[in-house]
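>>> Predicted coordinates and the sequence they were generated for:
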Amino acid sequence: MSAVTEKIKLLCADRNMSTEELATGAGLTVDQVNTICESDIIPSLSSLIKIARALGVRLGTFLDDNEEMGPAVNRHTESQQSVTFTSHQTSNNSHMDFISLAAKKAGRNMEPFLINIQSGTGKESLSSHEGEEFLFVLEGSIIVHYGTDKYILNQGDSIYYDSIVNHLVTANDNSEAKILGVVYSPA
């Protein structure tokens, strides 16, 4: 099982929360929660945000490792582990690898990520969750599907949006891209 799955199970046990209660609180089906809890695949970012809200924890709780009270410094020379989120308990959106840039920062309200986006399969799906997102393209080009609109962003471009609106980010033209993403989800 993934560390994320283990943390979900531990938090449920600490709160004496059943699978049904977690599903209801997160707005997911019991089957979806069971799939998440029995899998070694990390759930979608959208589902993880909903689970965090239902458990009353920050999104970063699932990604934290050795929290510190002071600032979190990441050196480009230090190796960092990426996390690949799936989408709706499938691997449709596993085209994005997230590297947390603040996993060691305690009590944070934002989640900054370095995100590597591989070319998609065409089967990726839109998602939505509470909060806001800021994306800055470091390398390559991306397509941001936002509601019924589509935005093409190139190196140096950025976008800031409400993530409650259905959205999807993919690499443009079957290429790869690297972006800085900051996710805010209200507590």
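Done, it's in. Residues are numbered from 1 along each chain as shown.
>>> low-scoring stretches of the chain, by residue?
Within the chain, the segments meeting pLDDT under 70 span 1, 63-77, 79-95, 120-121, 187.
>>> Where do the helices of this structure begin and end?
3-14, 19-26, 30-37, 45-55 (DSSP state H).
>>> what's the closest of those helices to V144?
Among the helices of the chain, helix 45-55 comes nearest to V144, with 14.5 Å by Cβ to Cβ. Quick note: C-beta positions are derived from backbone N, CA and C, even for glycine.
>>> quick one: contacts of the closest one?
Identification of contacts with helix 45-55 by Cβ atoms under 8 Å, 6 or more residues apart in numbering yields 4, 8, 11-12, 15, 17, 22, 24-28, 32-33, 36, 42-43, 58-59, 61-62, 85, 87-89, 98, 127-131, 183, 185.
>>> make it 7 Å
8, 11, 15, 22, 25-28, 36, 58-59, 61-62, 85, 127-131, 185 (Cβ atoms under 7 Å, 6 or more residues apart in numbering).
>>> how is the protein carved up into domains?
According to automatic domain parsing, the chain comprises the domains 3-62, 83-184.
>>> in stretch 54-63, what's buried?
54-55, 57-63 (16 or more other Cβ atoms under 10 Å).
>>> Buried ones only from the contacts of helix 45-55, please, as a PyMOL command.
The PyMOL command for the buried members of the contacts of helix 45-55 (criterion: 16+ other Cβ under 10 Å) is given here:
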select buried, resi 8+11+22+25+26+28+36+58+59+61+62+85+127+128+129+131+185
